[in-house]
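**Student:** Structure of the sequence below:
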Amino acid sequence: PPMNAKRLYLGICLGFCLTGYGATYYVDKARPDDSGNGLSWDTAKRTIQAAVDAASASDTILVRPGVYDEGTRISPDSYLYNRLVCTKNLTIESTDGAATTIIMGARDATDTSYQGTGAAAVRCVYMTVGTLKGFTLTGGASGSETTDVIHCRGGGLYSPNASTPVLYDCIVSNNAARRGGGAYGGTFHRSLISGNYASQNGAGVRFSRLYDSLIVFNKDSGAVAYSQSTNDVVNCTIARNTHRALEQAAASNSILAENGTGTQGNYHIINSVVDFMPQANYFTNCVITANARFVDPANGNFRLLADSPALDAGDPALFGWTTAPAGRTDFYGNSRIQGAQLDIGAIEGAYAGASVAATVSGSGSLAPSGTHVLPTLPTQLVFTATANSGAALRHFTVNGAKMPDSGDTFTLNITRPGGYTVQAV
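**Tutor:** From the prediction side, this is the model:
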């Protein structure tokens, strides 16, 4: 073809390619201010909000580690301040993960009605569309209204949608709201929702979708609220929350254990491990057990012991609004199916080591005491029992079985993975 035709063809191709792939903007807390154009690390923005303002739909924003705790932006539909407002279809991604990339909100220091919620509070993120990958959202709060209005929703994240934004590998912790302490809305994958507060409902989340996620140690109301389809909460572990696991909410392929009391309401729980009797006529194919067999839940280790009833008990046909298990990874980013079948809960596979819980039944002490996580086998632990004055400790038991008399000391030899309870009696 003539040279002019070739140039025209090349120009059309370049124009198509450039519009088919969005631009990339860069954010670095170490920059002095937002005066750079954000199109390279050398000219990076200092705040994430400045990069969002400069970007267009389909662009990507890369964010270096740091505590992003500067600036506020008012919600489009509320008086509440936010550290970040995004209503564009952007991908906002940290370069080094959630542990070192933190979006920090703020409590209202003058409103003492509940956990720093109030008109001067700063939510971490208001986001209606797009994707957020690898951030910690912490320290945020909503307004303090007790009536169900938009201002009091979502301390860490607020979205009017359950389906968007989509969050991957995030930590949502120590946020507060009247409803949805950690988050209101949004879809979470492989995320930790921990240590959040809500006075009315949804201490962890309300009106959100959750996949392969941990929802633990949330306080003052039901951990997951108003996620009402069994497609909304799939392969999650909901444990150690002060109130019920589900509040007017449903779940499938999930572990609901060691929470406060209360049922889920008239919403179904399917193919899950639970330690309570679910609402009558609203559960199917569940394992009801007093112990889900976590490694060390008091210290946040929710891996499964080798004798957990959740192992190989998942139903791969239950995957909600996300992809099938073969195309997903678990909470830690490992293959979703490792054994004979999908596991129930957020974490796939049996822990290869052992967990030993040591206690005393009677008057005295046992050393070492507490829970001991032993990653390498074979190994042993030596226990010494000391009776209080005027009392006696007669023998040791392991998992309820009396051991041969050995005086005041007992050696536990461990060769097989699993959970062990040693007791001085």
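
**Student:** CA atoms for contacts and neighbours, from now on please.
**Tutor:** Fine.

**Student:** Touching the host helix or strand of residue 210 from outside, list them.
**Tutor:** Using DSSP states H and E, residue 210 maps to strand 209-211. Contacts to strand 209-211, defined as CA atoms under 8 Å, 6 or more residues apart in numbering, come from residues 162-163, 185-190, 227, 232-236, 322, 346.

**Student:** Would you work out how far apart the start and end of stretch 155-173 are?
**Tutor:** End-to-end distance for stretch 155-173, by CA to CA, to the nearest Å: 10 Å.

**Student:** Apologies, that question was intended for stretch 403-416.
**Tutor:** 18 Å.

**Student:** mean confidence score for it?
**Tutor:** Stretch 403-416 carries an average pLDDT of 95.

**Student:** partners of the longest strand belonging to the chain in the sheet?
**Tutor:** Determined from DSSP state E, the single longest strand within the chain is strand 379-387. Here strand 379-387 is paired, per DSSP bridges, with strand 364-367 (antiparallel), strand 409-414 (antiparallel).

**Student:** Mind putting these into TSV with mean neighbour count?
**Tutor:** Converted to TSV, these look like this (neighbours: other CA atoms under 10 Å):
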stretch	mean neighbour count
strand 364-367	17
strand 409-414	16
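
**Student:** Quick one: closest of those strands to residue 255.
**Tutor:** strand 409-414 (27.3 Å; CA to CA).

**Student:** what helices or strands is the next helix or strand after the closest one leaning on?
**Tutor:** Using DSSP H and E, the next helix or strand after strand 409-414 towards the C-terminus is strand 418-424. Applying 3 or more CA pairs under 8 Å, 6 or more residues apart in numbering; DSSP states H and E, we find strand 418-424 packed against strand 354-360, strand 396-398.

**Student:** Give me whichever of those is most buried.
**Tutor:** Using mean count of other CA atoms under 10 Å, the stretch among the helices and strands packed on strand 418-424 with the largest mean neighbour count is strand 354-360, at a mean of 21.

**Student:** Need the residues that contact that one.
**Tutor:** 295-296, 305, 366, 368-377, 414, 416-425.

**Student:** Filter those down to the buried ones, ChimeraX style.
**Tutor:** For anyone working in ChimeraX, the buried entries among these, judged by 16 or more other CA atoms under 10 Å, can be selected with:
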select :295,296,305,366,369,371,372,374,414,417,418,419,420,421,422,423,424,425
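
**Student:** gap between stretch 178-190 and the chain center?
**Tutor:** The chain centre lies 10 Å from the centre of stretch 178-190; the measure is CA atoms, centre = their mean, to the nearest Å.

**Student:** Tabulate the strands paired with strand 379-387 in CSV, adding columns for distance to residue 333.
**Tutor:** CSV is the format used below for those (distance: least, CA to CA, whole Å):
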stretch, distance to residue 333
strand 364-367, 37
strand 409-414, 29
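
**Student:** pretty sure residue 39 is in contact with residue 26, am I right?
**Tutor:** Yes: look at residue 39 against residue 26 with CA atoms under 8 Å: they come within range, at 6.1 Å.

**Student:** More neighbours: which of these two?
**Tutor:** residue 26 (26 against 18; other CA atoms under 10 Å).

**Student:** Tell me the spacing between that one and residue 45.
**Tutor:** 6 Å.

**Student:** again with residue 363
**Tutor:** On the measure of CA to CA, residue 363 and residue 45 end up 63 Å apart.

**Student:** do residue 167 as well
**Tutor:** With distances taken as CA to CA, residue 167 is found 22 Å from residue 45.

**Student:** higher neighbour count, those two?
**Tutor:** More crowded of residue 167 and residue 45, by other CA under 10 Å: residue 45, with 29 against 23.

**Student:** and that one, what are its bridge partners?
**Tutor:** Once the bridges are assigned, which here means DSSP bridges, residue 45 pairs with residue 27.

**Student:** ok, now residue 380?
**Tutor:** Beta-bridge partners, per DSSP bridges, of residue 380: residue 413.
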